[in-house]
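Participant: Build me a model:
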Amino acid sequence: MSATMMTTFPSMTTVAGGALIASPSSVFREQVLDRLNGRCRPVQQALGGADALAKLEKGDWQLLFLDRRVSDLDTEELTAIIRKRFPGIQVVLLDSDAGFCGDAPVAKIPEVRIKMKARSEGEEKSSAILAPGMAPLALAQGAWSRTADEGACEPLPGMIGGSEAMRRVYRLARLVAPRATTVLIAGATGSGKELVARALHGLSPRAAKAFIAVNCAAIPEALLESELFGHLRGAFTGAVQAQVGRIPAAHGGTLFLDEVSELPLGMQAKLLRFLEEKEVQRLGASEATRVDVRVVAASNVDLAGRAERGEFREDLFYRLSAFPLELPPLADRREDIIALAEHFIACMAAAINSPCPRLSGEAVRILQAHPWKGNVRELQHVMERASILVQNGDTVEAEHLYFPFQAARGPSGVKHPCVTLAS
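Facilitator: Next up is the predicted model:
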């Protein structure tokens, strides 16, 4: 039907799949949410294009309200990706600068009824009234199956695993790799955050330049500013020679800030200024120097929760999380465990030029049942010890597997065999 101008939504059937509202403006998101007035359930909000993509990957949606003012991704490119990967999702482009945000009056809402394809046989088709702003883009209304470019799902360089949880990571990482967008990688200790950061660098136009990794928790607070920004000779007691900081050293390349949650509040303010101004000032220097650095940060804690509690600067959190990537724990990608274990065994055998042992059926069962609180790093250490214990044998058996920090239990609840330190 043709669009007519209305100030409110007329009555409509609730959309079963729900809606996602993506905009950097919280005020604008709330205004769109008010206009929906419960007609779409569930409704979630996203801070930008990357956040919207991540939520689309995990949820089951029918509508996406996309603000043209998202800064992390080009809306036309993002829409093309959604059209290909999520053909059943209807996209509505909005403009938060056109009378929909701040104190400006909310514009009248055009009524646009879109017939949505039923999800299963016998289910009634529902109509959704889409607004505000422009008419929706013409997206395919065919099958609801989600498709993706196979190349985008290939494992990142240096990474193993083809589970759906990891395929989501691969797709998003390959999407953002060519850009200079700041990326925040979230994941438990040992889940592979630095591997993802190195892959982002290797797949970017900056690959020929430096990749500088900084563990923010490992550097004493008194030395942190000098380590990051550098200093001139004589800038402080003990500064017998000038030092180029980690940030200037990464000029043209990538700076990886691991455990960024451990930055002291004072240093957070200095890092925020660098991210905003793209300038660094070495200790003892009178002038700042411009640098071109792509920042990738990582955290093994809930950084958003820390920001809400005032333990981490909220403005810095938003700067760092322009493109969030969340790595699943190994326990949530169990189909990758054996492939990873075999990879580690093969690497260790190749290092000493010996035949590669295989895994016994019982060893496979134990590995798949273990909780893997230490994630991929724990698996690597377990397989390293097992490869040593195999000696001249050709099979990794259950007795070769040793878990030092916890008694791993199989599905039956019975502790599986393990080798003690005395053996």
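Participant: mind listing what Ala304 touches?
Facilitator: Residues counted as contacts of Ala304 (C-beta atoms under 8 Å, 6 or more residues apart in numbering) are 317, 321. C-beta here means a position set from N, CA and C on the backbone, and glycine is covered the same way.
Participant: how close does it sit to Glu154?
Facilitator: Separation of Ala304 from Glu154 (C-beta to C-beta, to the nearest Å) stands at 30 Å.
Participant: my guess is Phe323 contacts Val70, does it?
Facilitator: No - the criterion here is C-beta atoms under 8 Å, and Phe323 misses it with Val70 at 10.9 Å.
Participant: Check which residues of stretch 292-307 are buried.
Facilitator: 293-301, 303-304, 306-307 (16 or more other C-beta atoms under 10 Å).
Participant: Kindly format the C-alpha coordinates of that stretch as CSV.
Facilitator: Output of stretch 292-307 as CSV, limited to C-alpha atoms (Å, rounded to 0.1, in the frame of the first residue of the first chain):
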residue,chain,number,x,y,z
ASP,A,292,48.8,6.6,12.5
VAL,A,293,48.0,3.5,14.6
ARG,A,294,45.1,1.1,14.4
VAL,A,295,44.1,0.0,18.0
VAL,A,296,42.9,-3.5,18.8
ALA,A,297,42.1,-4.0,22.5
ALA,A,298,41.2,-7.2,24.4
SER,A,299,39.6,-7.9,27.8
ASN,A,300,38.9,-11.1,29.7
VAL,A,301,36.4,-9.3,32.0
ASP,A,302,33.0,-7.6,31.3
LEU,A,303,34.3,-4.2,30.3
ALA,A,304,30.8,-2.8,29.9
GLY,A,305,29.9,-3.8,33.4
ARG,A,306,33.0,-2.2,34.7
ALA,A,307,32.2,1.0,32.9
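Participant: what separates that stretch from the chain centre, distance-wise?
Facilitator: 10 Å (C-alpha atoms, centre = their mean, to the nearest Å).
Participant: Now do the nearest residue to Ala188 once chain neighbours are set aside, the pLDDT please.
Facilitator: Excluding the flanking residues, the one nearest Ala188 by C-beta to C-beta, 6 or more residues apart in numbering is Pro329, at 5.0 Å. For Pro329, the pLDDT comes out at 96.
Participant: How about the one 3 residues further on?
Facilitator: For Asp332, the model assigns a pLDDT of 94.
Participant: I'd like the distance between it and Arg198.
Facilitator: 22 Å.
Participant: What of Arg294?
Facilitator: Applying C-beta to C-beta to Arg294 and Arg198 gives a distance of 13 Å.
Participant: Ok, Met383 next?
Facilitator: From Met383 to Arg198 the distance is 21 Å (C-beta to C-beta).
Participant: More neighbours: the two, which one.
Facilitator: A direct count of neighbours by other C-beta atoms under 10 Å for Met383 and Arg198 places Met383 higher, at 25 against 21.
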